Each structure stands twice: as C-alpha cells, then as structure tokens.
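Peer 1: quick one, what's the 3D model for this:
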Amino acid sequence: MVPSNQLKNQHLLWRAGFGPAAENLSDLHSASQKSLLKSLFRSSQKTPAYIDVADPELKDLYMNMDEMAKQKKQLSEDQRKLLRDKSALGIKTLNLTWLDQMVTSEEQLREKMSLFWHGHFASRVQNILYQQQLLDIIRRNALGKFPDLLREVSKSASMINFLNNNQNRKDHPNENFAREVMELFTMGRGNYTEDDIKEAARAFTGWGANQAGDFVFRKPLHDEGNKTVLGKTGNFDGDDVLNILTDHPQTATYITRKIYRYFVNEQVDESKVEWLAKRFYRHYDISELMHDIFSSDWFYDPANIGCQIKSPVELIAGIRRTLPMKISNEDVQLTLQRLLGQQLFYPPNVAGWPGGKNWIDSSSLMLRMRLPQMIYMEQELNMKPKDDDDQMMGMKDKPPVAKGNPKKPGQMISALVDWPLYSSAYEKVARENLLKEISNTLLQAPTGVSDTILNKYIDAGSRENFIKSATIQLMSTPEYQLC
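Peer 2: Okay, here's the model as predicted:
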C-alpha cells in the first residue's frame, strides 16, 4: 500500500523529531515533505542556548578546587556532601530541562540528533558541570562537522574522566580512552588491532581536565616517542590520532550505518549505507547526511514506516507533544525514564542504550500501554525501579509517596492536558470518520487496530468524550509503541 501524504509527514516528524505537535496536526494532510523538511532544517540552524542549571555555590567550589590542590588543602566533609547533593539535583534538573526542550522547541531536528549523539558518546559522571558542558558540545555540533564534534567530545571533562584518561601518562598508558574512541566513536570493532590501541593510547597521554572542567594538556606526562596507528608513523598526539581515524573511510561507514539504524531501519540496506557513507566522507557534514536520508524516496518506503520501537524518551516526549500538558510533579518523568529503561545522563555503559527490541520486555510494555491512562486518570505509578543510587540521584532512601497513602511508595502523574487544543485538529471531521482520523494521526504501524475492539472501550456520550477516550485507547495499544 502506498503511504498517504499524512503518513509520510508523520513519519518524517517522528524520525527527525519527537512527533507532530498538537497545533500542527491539522496541517499533516496538505503539507509537502519538501516544505516540512526545509522547515525542520531552518528551525535547527541557530546555535542553541547553553543549558546552565548548576548551583552557583557548587560552581564556586569546583572553580577553587584546583587552587586548593596546589595549596594541598582538602575539602571538608560538608563541602564534599554539598558537591554530591547539588550535583545530583543539578543532573535531575538538567534532565527535565532538556526533556522540555525536546517537547517544546521548534529545533526538533537538532534535539533529536542530539539525543542520538547522547547515546553514541555515552558518559556517566556525577558532576553537573561536566554533564552540561558535554550536552552543550553535543547540541552545538549535532548537525555540524563530525570531526569537530568528535574532537570537542574527546576533550570534554566528562569523557576524559569517564574513560580514565586523566590517568593516562607516559610509561604507564591507560588504554581505555583510546579503545572506546576506536571501537565505539569512530571505526567500530574489527577494523583496528590491539597494537593500534596501544599506540593510540600513548598519543593520548597527557590529555586531562581540571576540576573546573577545562581541557588541560600536561606536557610532562605526554609520550614524545614515535607511534604507529593504522599504518601511519610519527610523533603523534591525540589530535593527530583523531585525524587519522576520521581520515579512514571506515569511520564514515561506521557512523553512517549507525545513523541509518537509528533514523531509518534496524534492518540495514548496505547499498544505501555505502552510497550515503561515500558522500558523508567527503566533508563529514552531518546536516548534509541527514538531508540525504530525509529527502530520499526510499526513506518513505512502507518498509521503513512504523518499523522502529520508540525509545522511552521518544515515547514520553511524543505523548507530551501530541497532548500538550502541564505536569505539576515533573519529577515523575525521572521515575518513568528509569522504569522504562532510558534515563538521560545515566547510560548503562559506555556503549549507550542498545535500543531496538531491547526497549521492550513484559514489564516495560505493560507500563508503556498503561501510561496514557495514568496521565488521563491521574493514576498511581507504584512500580519500583531497580535500586541504583546513581540513577536515584542520591535519593535512594527517599522514595516518593503516593497521594492518600503515606505508607505506600508511589507517584501520581499529575498532568493537566489541553484537550481543546488537541481536539481542534478534528473539528472539521464528521463524527462517523472520527475514529479513523484519530487512528491515522496517532498510529504509524501498518496493521492498525480493530475498530470493533476499540469501540468497546470508547465513551461515545459526546463528541468531546469520544475524542478523548479514542485517543487514550489508541495510545494504549502496542501499535502506538512504533514509529
């Protein structure tokens, strides 16, 4: 079946962003993919504002720590506790602030691309200054040149600390940073040797970061000898190694294939990847690569529509865009992220989130399908996430309390949905066509949902109730998990 114009537009908005916004639903029938794509790129052109949520007192402490170290002074226990507590709170606030950007910003393509790079350059450190610095690097360079993004990420305090390069020094090289740069950030496993890693590690000796988060090259710790990396020999430093890696066409292929799997289809068409990678390799322009993908006819092939499982963040942001809402207890979104398996700034490891079918198990699928009802009915979220104090942000012993039952851990999803704004998209739709129209708007899956089954649970008492209940029921289906 040939996809409708509406379905193609929704496909583009889900893959190049976080789904259509309520105020744009009525335009999906008539807009062309060309005009929509142009708008997506134009809206994401400007440099994003730096997201700074760190407490000023915490900043002052970090700024003074290097000077204290020179004077051989140590932080007091109260100061260390302040750092831990305020960093934990800061990372929580950073999470919610960025999530709001994904929901409300017109820069949908930039934020979606940033979410991809957030998983590609995965870092898990308990320092709000480092985390918001890395996020800024990713958001600024998300649609720029890949070598620039790679270099800035590699010199970030977050990545240097996460991958132990502060401990990388001549005579005692630490290979962790060099290994992950090759295996995960550029070439992919199997395209280099263990000797390449050892030699690259020597080149990265001396690369470090101070407590304030600034990159520092400690020349006395750098190995000045010749190194051989991927067949090239010289007195290389870290910048030279990054150049060698991006000069190799395998890096363009590896990055392109990963982007194809994320934005197009888990089932990779290698001929398409090869064509895209050759073009990407010429300038490493991320924006051009994404334009090549989203402007191609094959991107809108039925096999590529509704074939991806929404990540937890995509699911939450997408629901909020379709059903504009004010959430009075925003922290509940952190619990949802943890329960569903994707908490921003807390990747499971340096490889990031595996994605795909890994997003779904029996527990997470049931919660995904309950979520719209929980928002609509303000039901309790009383599932308990895995006990991980890092992800609990220092609040492991302080579980949220459910309304009306102080002994029972849980949270209400307290959200006020702007139903009139959402329903306005259907004001010109005849009553007998409402269910079909709502279904076509919400579902990308090719099979759809049986009207007979849906009608059993829809409140047909009024047009308003019909739209509300049909929407919630459709969002509560397995088909809604796909985009």
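Peer 1: how about the strands in this protein?
Peer 2: For the chain, applying DSSP state E gives strands covering 207-209, 215-217, 227-229, 232-234, 325-327, 380-381, 401-402, 405-409, 411-412, 415-417.
Peer 1: got a markdown table for the ones you listed, with mean pLDDT too?
Peer 2: Listed next are those as a markdown table, based on pLDDT from 0 to 100:
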| stretch | mean pLDDT |
| --- | --- |
| strand 207-209 | 98 |
| strand 215-217 | 98 |
| strand 227-229 | 98 |
| strand 232-234 | 98 |
| strand 325-327 | 96 |
| strand 380-381 | 84 |
| strand 401-402 | 40 |
| strand 405-409 | 43 |
| strand 411-412 | 83 |
| strand 415-417 | 96 |
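Peer 1: would you list these in TSV and tack on mean neighbour count?
Peer 2: All C-beta atoms are positioned from the backbone trio N, CA, C, and that covers glycine. TSV is the format used below for the strands of the chain (neighbours: other C-beta atoms under 10 Å):
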stretch	mean neighbour count
strand 207-209	21
strand 215-217	15
strand 227-229	20
strand 232-234	12
strand 325-327	16
strand 380-381	18
strand 401-402	14
strand 405-409	11
strand 411-412	20
strand 415-417	17
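Peer 1: want to throw those into CSV with distance to Lys145?
Peer 2: Formatted as CSV, the strands of the chain follow (distance: least, C-beta to C-beta, whole Å):
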stretch, distance to Lys145
strand 207-209, 21
strand 215-217, 19
strand 227-229, 21
strand 232-234, 22
strand 325-327, 37
strand 380-381, 42
strand 401-402, 49
strand 405-409, 47
strand 411-412, 43
strand 415-417, 40
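Peer 1: out of the ones you listed, flag the one nearest Ser469.
Peer 2: Smallest distance to Ser469 across the strands of the chain (C-beta to C-beta): 12.8 Å, for strand 415-417.
Peer 1: circling back: right, so of the strands of the chain, which gets closest to Thr441?
Peer 2: Nearest to Thr441, of those and by C-beta to C-beta, is strand 415-417 at 15.8 Å.
Peer 1: quick one: the nearest residue to Pro347 once chain neighbours are set aside from Thr251, how far?
Peer 2: The shortest distance from Pro347 to any non-neighbouring residue, by C-beta to C-beta, 6 or more residues apart in numbering, is to Ala122 (3.8 Å). Distance of Ala122 to Thr251, given as C-beta to C-beta, to the nearest Å: 18 Å.
Peer 1: what's the answer for Gln379, then?
Peer 2: Gln379 sits 48 Å away from Thr251, going by C-beta to C-beta.
Peer 1: between the two, who's got more neighbours?
Peer 2: Thr251 (26 against 14; other C-beta atoms under 10 Å).
Peer 1: who's in contact with that one?
Peer 2: Taking C-beta atoms under 8 Å, 6 or more residues apart in numbering, we find Thr251 in contact with 186-187, 245.
Peer 1: out of the residues you listed, which is nearest to Ala317?
Peer 2: Of those, the one sitting nearest to Ala317 (C-beta to C-beta) turns out to be Thr186, at 28.9 Å.
Peer 1: roughly how far apart are the closest one and Glu427?
Peer 2: Thr186 is 51 Å from Glu427, by C-beta to C-beta.
Peer 1: equivalent analysis for Lys70, please.
Peer 2: Lys70 is 68 Å from Glu427, by C-beta to C-beta.
Peer 1: which secondary element of this protein has the worst mean pLDDT?
Peer 2: strand 401-402 (a mean of 40; mean pLDDT, DSSP states H and E).
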